[in-house]
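**Student:** Sequence below, structure please.
(5 chains)
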Amino acid sequence: MIHHDTKQRGQSPGTLTFTGKQKVDRTKISVFDYNDNSYVEKEITSLDDLKELKFDNKITWINITGLHDINALEKVGRVFNIHPLVLEDILNITQFPKIENYDDYLFVVAKMIDLSPVKSINIEQVSFILSKNYLISFQEDEQDVFDIIRERIRKNLGRIRKLGTDYLMYRLLDAIVDNYFFILENFDDRIDKLEDKVLLNPDHVDINSIYIVRKEIMNLRRAIMPMRDMMYSVEKEKDRHITKSTYFFFRDLNDHLNQIFDSLESYREMINQLVELYISNSSHKLNEVIKLLTIISTIFIPLTFIVGVYGMNFNTKISPFNMPELNWYWGYPAIMVFMLAIGVGLIFFFKRKKWM
Amino acid sequence: MIHHDTKQRGQSPGTLTFTGKQKVDRTKISVFDYNDNSYVEKEITSLDDLKELKFDNKITWINITGLHDINALEKVGRVFNIHPLVLEDILNITQFPKIENYDDYLFVVAKMIDLSPVKSINIEQVSFILSKNYLISFQEDEQDVFDIIRERIRKNLGRIRKLGTDYLMYRLLDAIVDNYFFILENFDDRIDKLEDKVLLNPDHVDINSIYIVRKEIMNLRRAIMPMRDMMYSVEKEKDRHITKSTYFFFRDLNDHLNQIFDSLESYREMINQLVELYISNSSHKLNEVIKLLTIISTIFIPLTFIVGVYGMNFNTKISPFNMPELNWYWGYPAIMVFMLAIGVGLIFFFKRKKWM
Amino acid sequence: MIHHDTKQRGQSPGTLTFTGKQKVDRTKISVFDYNDNSYVEKEITSLDDLKELKFDNKITWINITGLHDINALEKVGRVFNIHPLVLEDILNITQFPKIENYDDYLFVVAKMIDLSPVKSINIEQVSFILSKNYLISFQEDEQDVFDIIRERIRKNLGRIRKLGTDYLMYRLLDAIVDNYFFILENFDDRIDKLEDKVLLNPDHVDINSIYIVRKEIMNLRRAIMPMRDMMYSVEKEKDRHITKSTYFFFRDLNDHLNQIFDSLESYREMINQLVELYISNSSHKLNEVIKLLTIISTIFIPLTFIVGVYGMNFNTKISPFNMPELNWYWGYPAIMVFMLAIGVGLIFFFKRKKWM
Amino acid sequence: MIHHDTKQRGQSPGTLTFTGKQKVDRTKISVFDYNDNSYVEKEITSLDDLKELKFDNKITWINITGLHDINALEKVGRVFNIHPLVLEDILNITQFPKIENYDDYLFVVAKMIDLSPVKSINIEQVSFILSKNYLISFQEDEQDVFDIIRERIRKNLGRIRKLGTDYLMYRLLDAIVDNYFFILENFDDRIDKLEDKVLLNPDHVDINSIYIVRKEIMNLRRAIMPMRDMMYSVEKEKDRHITKSTYFFFRDLNDHLNQIFDSLESYREMINQLVELYISNSSHKLNEVIKLLTIISTIFIPLTFIVGVYGMNFNTKISPFNMPELNWYWGYPAIMVFMLAIGVGLIFFFKRKKWM
Amino acid sequence: MIHHDTKQRGQSPGTLTFTGKQKVDRTKISVFDYNDNSYVEKEITSLDDLKELKFDNKITWINITGLHDINALEKVGRVFNIHPLVLEDILNITQFPKIENYDDYLFVVAKMIDLSPVKSINIEQVSFILSKNYLISFQEDEQDVFDIIRERIRKNLGRIRKLGTDYLMYRLLDAIVDNYFFILENFDDRIDKLEDKVLLNPDHVDINSIYIVRKEIMNLRRAIMPMRDMMYSVEKEKDRHITKSTYFFFRDLNDHLNQIFDSLESYREMINQLVELYISNSSHKLNEVIKLLTIISTIFIPLTFIVGVYGMNFNTKISPFNMPELNWYWGYPAIMVFMLAIGVGLIFFFKRKKWM
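**Tutor:** Numbers count the residues shown, from 1 in each chain, chains lettered A, B, ... in the order given. The predicted model follows:
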C-alpha cells in the first residue's frame, strides 16, 4: 500500500492537512538551547512560551513530535514565520525528500527508516527548518535515532556544542543515514539466508517470501533514492545556509548515501538472480521427476501389455494358433526371459541417454 | 485501442477537425467574471455576445464545453485572435500535453483523467489559453473536476479572487492533478487485491485480469508522463505569462506530478513482479501435481505388472517351470509381502528425495 | 532481410550505384512551376530541357521518379550542381533519414512507408534538394502520397501557392508523416485482434503471427526513429533554408513524429506483454491438462492394481491363504465397496487441494 | 575467449610486448611513394633504408605487416620519433579503437574484421600514424582489404593521388568499414535461415547454433561500437591533422558506422526474439504432446480398470453377488456398450474443451 | 555478504574505527627514500622515528600495513597533518574508490583484488596520501602486488627513480590494475569451461555453479566500476598534484580500466546468455523425455486395454454374445494382427508428426 496525499480534493493549496496517522497523544515540543559553555534543556507546554524564546547568540534546537495537531503547528508557523506551503509539506508525510531554499531559512525533508517489530520497514518523515540561530525538527513519532545526539549535547562531547545549527542538522541527518546501514545489514542477512536456502534446499523455499523481500527492497529504494538526489542539491546551499566547513561533512554524508544506494542496487540484482536460480532449480527438479516417471512407465507399460496378452482367455483347445505358448513346457520361463531382456535393454538405453 | 489523429490525409495544416467523439449536445460557453470585490457568472448563448465581453481590469474565465461544433470554435478563435494551429491542437484530442508560448497568450494542453463506470480510465483533453485578463478553457465533456474551484470563486474563499489568471489556471491544473491521486488510489487497491490473491490463492487468479491492469497502468503512464515533462517547461514562462509568486505554486504542482509518476513506476514494477510471482507459483503447483503423478505411477505401475504376471494363463500342469508359485501353499501371501516391500521401499525412496 | 549498401567494395566514394531494385520502366521527371497567380505542369522527356528551366521568381517543384538510370541522375546532378556524395546518398536507399546543409541547398532524406498488398510494410526512400527557387524530390517508385498536394497546387487551395519551396517541402514531408498514422492504425487493428484472440481464445493463437507483427513493428521503428531524430535538427536550419514562419509548421511535424513514436513504443510494449500473456495462458492450460491426467491416473492406477490382484491365478484350493476373498460370499461386493471408498477418498483429497 | 593484455605484470609502461600471435614469417615493410604525377612502390628489406626515405613533397604510405619483431618496430619508432606508449598500443592487439592527437602526428587504432574459413569472425588490429607527409600503417597479417586502394594508387584512379595523407587514411578506413557491410550480409543470411527454420520447422533447430550466432554478434558489436565512438572524436581533429574537405568524407564514414551499428542492434533484437519464439514454439509443442498423453490416458485408464474388474477370479458359484454379470446372457455386449459410452463421452468432453 | 560501515551509530564523524578484520599481527611501516642516485630502505619500529624523516629533495614512499592499530594511525595522522575524515576513510574498508583534493595532498582510495585460495575474489582497500615529497600508502594485509615496483626502485630500473611521487603512485595503481587482467583471465577460463559444459554436456551442469560465477562477476563489477569512475576525475588534478607528463600515464591507466570494464560487461552478458541456454537446453531435454513417455503410453495403453478385454471372465457358454472371439479358430492371431496394426499405425502417426 503506497500512501497518497489524501488532502481533500479542491482544497486551497496551503490548507494544512496531516496525511499520516496520529502516533503520539499530543504534540510535544522540546528545546535544547546551548553554546560551548552552557546548555538548557526544557519542554514547552504552552505554545505561547515559544515566542518568549530568545536566541541570544546561542544555538537552539526545537524538536516537535506529533504532527496531528494542526492548530499547534499553525501557531509554530506563525511564530517562526514559516511559509504555508512549507507547513503543508511538513504535514504531508508522502512528501519526497527535498531541500528548498527560502531566504530566511532552509527547508529540508528527510526520511527516517526503522524496522518495525514485524521486520518490515517503517518509513517516517522528518522535516527541518534550518535558520542561523535555531533548527526546528518535525517528526511523527517519539521514537527516533537522535538520542545519541542529545547525549552528546548534554555532555558536550566532540564538536557539537562548538559549531552552528548547520552542523547540528548534519549530525541529525547523519544519525538517520547511519541507521540505514543498520537496516541494510538486516536485509543482507535475510538475502544471505534466502540464498543459502535456494542453493542448498530449494524445495523448502517459499517463493512468496522472496517476493516479499524483493518488494521491501523496492520500497526501501524508493525512500532512499530521493534522499540521495536531495543530498546532491546541498552543494547549491554551500556558503548560504551551510558554512563551508560543514559542507565538507555533508559531502561525506553524500558518500554514505551513494554506498547505501549501491548496496540496494546489488540487493535488487541479487534477489532477481535468486528468483531466476529458484526457477531454474525447480525446473531442474521437475525434469528429474518426469525422467523417473518416464523411465518407470517406459519399462513397465510394455511389459504389462505382454503379461496382459497371456492373461487373455482364448480357448487354446480349439486351435493351435490360440496362444500355444501357454501350453509349452518352457513357455513361462521363455516369456519371463523375454521380458527381462526388454527391461534390461531399456535400462541400457536410458543409461546411454544419461537419464539414469 | 490508441486513438490517432484521424484528420483526413492531405488536409491543409490548420484545417479544423475534431478527432474525438461528440459528448455533449451543444457547445456551451460559461463565463466567470470576477475581482476581489464582485463576481458575475453567466452563460453565453449567442457567440456574438463574446465580442461584447469587456475585461475592465477584472479576471475572466471562459469555459467552453463540447468541441464538436467547429463553426463555434472558429468564431471563438477569431474573437480572441487564436492561431489556427492552436485551434487545430485544441480539437485534436490525441495532442500531447504541452506548453507553447505565443506572444499574446500561453497555450497549455493537459489531460484530465476519470475512472469510467466500468472502472477503466477515461482520458479527456483540456486546453487553456492564458492571457493577462482572461483564461479560456476548452473541454470535451461537461463532467469535470472544477466544481470546487467554481464554488471558491462564488464564495470568495482563499486567494482565488485576489490573484490573477495565472493563479486561476494553476488551480484548475491542480484540480486535475489532485484527481490523479484519486485514480492512483483506485489502482493501489486493485494491485493490493491482486497481490493478496496471488500470494494466498494463486489458483483463483485470472492472469488476464493482471494483464488488463498492467495495460491500464501503461495507458495512465502514457497520459501522465508528458504532463510531467510539460510542467518542467513552465519554468521558461516564469516572469512572462506566469508571475513569480504563482510560479512558486507551479513548482509545487511539479512536485506532485513527480510523486504520481514515481507511484506509477512502482505500480509497474509491482505488477511485473506479480506476474513473475504468479508464474513461479503456478509452476511450483505444476511440480507438486507432477510429483504426485510420478509417485503413484512409480509405485503402482510395477506392482500392476507383477499381478499381471500371475494373471497369465500358462498351463501349470504341463511343466514345473510354468508359474509354480501359483500352486505353492504360501504363494499368495509371499507375493503380497513382496509387493508390499516394493511399495514401502519406493515410499522410503521418495521420502529420502523429499518428494513426500 | 535488412538491405545493405551493396556498392562494390573499394569503389571510390561518390561513385554512383543504385542500391535498390528498379521499380519503374524509365526515370520520369515531372515539373510543377507555379506562383500565386499561375501554374504550369509538364513532363520533361529530354534531360537537356532541364537546363532550359528558368526560375523567374516562381516556385519550381521537380519530381524525379525512378533512380535506376544513373546517367540521367548524373546529368541532373550536373545541371543543379549537386555534390557527388549527395547523389550517392540519393541512390543509396539504405541511407538513414538526415538533414545536411550545403551552402546552396538543403539536402533531406526521408522514408515513405506503405502497406504492401500482403500487409507487410514497404519502405521507400524520398530525398529532397531544397533551394530558394526550386525543390527537387527523388523517389524510387511512381506510387506516392503526394497526389493531394498536386491537386492543391493545381486548384490553388490553401496557402501552398502563396508560400515558398520550404513550405512545399513541409507539405510533402507532412503527407509522408500523415501516412504513418494510417499505417499505425493498421497495426492498432492487428494488435487489437491479436489481443482479443489471446484473451478469449488463446488456443487458436499462432505465436508465429505475433512474432511477425513484432518484427514489423521493430522495422517500422527503425525507419521512423531516425525521421524523428532528423526533425530535431531542422531547428538548426531555421532562418537559413527554412523561413521562420515555415519553421513553425516543422515544429508541428515534429510533434506528430513524437506522437507516432510514442505509439510505436506502446505497441512494442503491448506486443511484448501479449507474448507474456500468451505464454502464461498456455502454461496455465498445460497445468489444467496435467491436473486432469494426474487425477485420472491417481484414481484408477491403484484401482487397476487391486483388480489385477484378484485376477491372479493362485490356486485357492491348495491353501486357505491363497486369495480366500475369491471364495467369500460377500467377496466381490466388499472389494467393490473398498475400491469405491478409495476413489471417493481421492476425489475428496483433490477437492480439498482445489484441483477439481 | 576474450584476449587480454598479457604483458608481464609489473613491467614498465612503454615496455614493448606483442600480445597477439605471430601470423607472418617476418615483418615486411612496403612503401608507396606518390604524387599526382608519379609513383614508386618498393619493399624495404633493411631497416636502415627507412632513414633514407625522403618526403620531397610527395605522399608516402609505409605499410608494416607483422608485429612480432619488436626490435624492428623499435627501430621504426626511433626513425619516426613515435612515443613509446604509442608503440605499446600498436603491439597490444586488445587495444580499443581510438584517436589520439600527438603534436607531430595523429595516432589511430582501428579493427579490421574478416570471416575466418570456419565462418567465425576474426578481428585484426590496424594502427595508423598520420603525419603531414607520410602515413604509417601497422597490421598483424598480410591478408588485408587494402588491395583495391593499392590498385587505385598504381593506376591513378579517382582522387587518391591528388589528395593528401589524410585522404589516404580515410580510404583505408573506408575499406575497413565497407568490409563490415560484407560481414553483416553474412550474418543477415544466417539469421534469415535461422528464422525460417524456427518459423517453419522448429523441431530441427539447434538452440546451440542460435546461441553461437548471438555470441558472435555480441563480439562483433564489441569490436565495432568503439570504432563508432572513435569516429565521433575525429571532429576534434578537423583543421589540425585532417583538412576540412577530407573531414567531409570522414563524416560520411561516420554515417556508415551508424548504419552498421543500427543493423547490429536490430540483429541482436532479432536473435533475442528468435530465442523467445523458439522457446514459445517448443513449449507449444510440449503442450500438444502432453494433451495427447492426457487424452489417451484419460480414456483408456478407466476402461482398463473396468475390464480388469471382470478379469477377477471371484467364485461366481458361491454367491449371487460375485460378479453376476459374467453369467448374464447380454453381459459382455452390455459392458462393451458401457465402455464405448464412456469413451465417446470423454471424446465429447475433450472436443468441448477444444483439446481435440 | 556485503560488508557495511559498522562504526557504532551516533559516533562523532571522524571517530576512527577500523571496519575490517585484523590481517597482520602488528602495524608495519616501511620506508623507501630515494632519488635518481641513491636509495635507502628501512623499517620504522617506533612511531617517533616518523617525525625524524627528512624530505631533503628526495622521494619518500611510506607503506603502512595493517590498519587495526588505531593509535598508531592517529599518530601517523598527526605527524603528516592528515584530516580526521581522511583517516576515517582509510580505516573504513567499505569506502568507495575516490580521489579527493586536500590543499596539501591528494587522497586516493583504490581496491586491490586477489583471488583467494578458494578461487573466490578477495577485495582489499589501498589508500594513498600523495604529497609533493612523499607518498603514504595504507593497506590491510602484507600480501600485495607491489613487489615488482620495490625491485625496480632497488635496482633503479626504468624511469621510477627519475620521476616524482605522482609517477610512483601511478606505478602502484598500475600494478593494481594490471592484476585485474590476471583475475579477468581466471574468469575467462571459468566461463569458457561453463560454456563448453552447457553446449556439450548440459546434463552435468550445476546451475548453482553458474549462479556463483555470476555473483562473483557482479561483485567484481561493483569493485571495479567506481575505480573507473574515480580515474575519470584524475583529469581535474592535472597540473595540481599530478604533473602533465605523468597525467599522460594516468590516461593510459584509464584506457586499461575501460577495457577491463568492457570485458566485465561482456562476461555478464555471456553468463546471462549461458543461463538462458541452459534453461532452453534443459527444457528441450524435457520435451524429449515427455515425447518418449507419450509415445510409449499412447501405443501400449490402448493395447493393454484390448488384452484386458479378452482377459475378462464372461461365461462364453451362456451366450453367443459373450466374447465369441475367444472360441474362434483364428481368434488369437486375429487379435494380435489387430493390435499390431494399431501399434504400427500409431508409429506412423508419430513419424509424420516428427516426434520419432
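
**Student:** does any bit of whatever helix or strand residue A:300 lives in sit next to chain E?
**Tutor:** Under the criterion of DSSP states H and E, residue A:300 resides in helix A:244-309. Yes - counting by CB under 8 Å from any CB of the partner chain, chain E is contacted by helix A:244-309 at A:248-249, A:252, A:255-256, A:258-259, A:262-263, A:266, A:269-270, A:273, A:276-277, A:280-281, A:283-284, A:286-287, A:290-291, A:293-294, A:297-298, A:301-302, A:304-305, A:308-309. Using the backbone N, CA and C atoms, a C-beta is placed for each residue, glycine as well.

**Student:** Just the buried ones out of the residues you listed, please.
**Tutor:** A:249, A:252, A:255-256, A:258-259, A:263, A:266, A:270, A:273, A:276-277, A:280-281, A:283-284, A:286-287, A:290-291, A:293-294, A:297-298, A:301-302, A:304-305, A:308-309 (16 or more other CB atoms under 10 Å in any protein chain shown).

**Student:** Looks to me like residue A:82 is in a helix.
**Tutor:** No - read with DSSP: H, G, I helix; E, B strand; the rest coil, residue A:82 is coil and lies in no helix.

**Student:** Just give the nearest non-adjacent residue to it, would you?
**Tutor:** residue A:129 (6.3 Å; CB to CB, 6 or more residues apart in numbering or on different chains).

**Student:** Report pLDDT for residue A:192.
**Tutor:** Residue-level confidence at residue A:192 comes out at 90, pLDDT.

**Student:** burial measure for it, as a count.
**Tutor:** Neighbour count for residue A:192, taken as other CB atoms under 10 Å in any protein chain shown: 13.

**Student:** Keep only the residues of helix A:244-309 next to chain E that also lie close to chain C.
**Tutor:** Among those, chain C is touched by none when using CB under 8 Å from any CB.

**Student:** Let me see the contact set for residue A:287.
**Tutor:** By CB atoms under 8 Å, 6 or more residues apart in numbering or on different chains, the contact set of residue A:287 is E:282, E:285-286, E:289.

**Student:** hang on, the earlier thing: burial measure for the residue nearest to residue A:82, as a count.
**Tutor:** With other CB under 10 Å as criterion, residue A:129 counts 27.

**Student:** can you check residue A:38 too?
**Tutor:** 10.

**Student:** again with residue A:149
**Tutor:** 20.

**Student:** what packs against the strand or helix carrying it?
**Tutor:** Assigned by DSSP H and E, residue A:149 falls within helix A:147-155. Contacts defined by 3 or more CB pairs under 8 Å, 6 or more residues apart in numbering or on different chains; DSSP states H and E place helix A:147-155 against strand A:28-34, strand A:39-44, helix A:165-200.

**Student:** Dump these to a markdown table, plus distance to residue E:351.
**Tutor:** Putting these into a markdown table (distance: least, CB to CB, whole Å) gives the following:
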| stretch | distance to residue E:351 |
| --- | --- |
| strand A:28-34 | 84 |
| strand A:39-44 | 90 |
| helix A:165-200 | 42 |
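
**Student:** My read is that residue A:335 contacts residue A:308, right?
**Tutor:** No - Residue A:335 sits out of contact with residue A:308 when judged by CB atoms under 8 Å, with a separation of 12.0 Å.

**Student:** hang on, the earlier thing: so the residue nearest to residue A:82, which of the three states?
**Tutor:** Three-state assignment for residue A:129 (three-state DSSP): strand.

**Student:** wait, what's in contact with it?
**Tutor:** So residue A:129 contacts A:80, A:82, A:86, A:105-107, A:135-136 (CB under 8 Å, 6+ apart).

**Student:** helix or strand right after the least confident helix or strand in chain A by mean pLDDT?
**Tutor:** Ranking every helix and strand in chain A by mean pLDDT, DSSP states H and E puts helix A:48-52 at the bottom, with a mean of 74. Remark: after helix A:48-52, the chain's next helix or strand is strand A:59-65, criterion DSSP H and E.

**Student:** Any chance you could list what contacts that following strand?
**Tutor:** Applying CB under 8 Å, 6+ apart, the set of residues contacting strand A:59-65 is A:24, A:27-35, A:50, A:53, A:73, A:76, A:133-142, A:146, A:153, A:161, A:164-165, A:168.

**Student:** And the buried ones among the residues you listed, selectable in PyMOL?
**Tutor:** For the buried members of those, the matching PyMOL selection, counting by 16+ other CB under 10 Å, is:
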select buried, chain A and resi 24+27+28+29+31+32+33+34+50+53+73+76+134+135+136+137+138+139+140+141+146+153+161+164+165+168
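
**Student:** who touches the residue in the stretch 101-250 of chain A that chain C sits nearest to in this structure?
**Tutor:** Closest residue of the stretch 101-250 of chain A to chain C, CB to the nearest CB: residue A:207 (15.4 Å). Shown in contact with residue A:207 (CB under 8 Å, 6+ apart): A:275, A:278, B:277, B:280-281, B:284.

**Student:** One more pass at 6 Å, please.
**Tutor:** Neighbour list for residue A:207: residue B:280 [criterion: CB atoms under 6 Å, 6 or more residues apart in numbering or on different chains].

**Student:** State the pLDDT value of it.
**Tutor:** 84.

**Student:** same deal with residue A:299?
**Tutor:** So, for residue A:299, pLDDT stands at 92.

**Student:** so it touches residue A:341, yeah?
**Tutor:** No - using CB atoms under 6 Å, residue A:299 is not in contact with residue A:341; the gap is 11.9 Å.

**Student:** When these two are compared, which one has more neighbours?
**Tutor:** Using other CB under 10 Å as the criterion, residue A:299 and residue A:341 rank with residue A:299 on top: 23 against 10.

**Student:** in the stretch 251-356 of chain A, what residue is nearest chain D?
**Tutor:** Closest point on the stretch 251-356 of chain A to chain D, by CB to the nearest CB, is residue A:311, at 6.8 Å.

**Student:** ok, back up a step: least reliable of the helices and strands packed on helix A:147-155 going by mean pLDDT?
**Tutor:** Lowest mean pLDDT within those: strand A:39-44, at a mean of 86.
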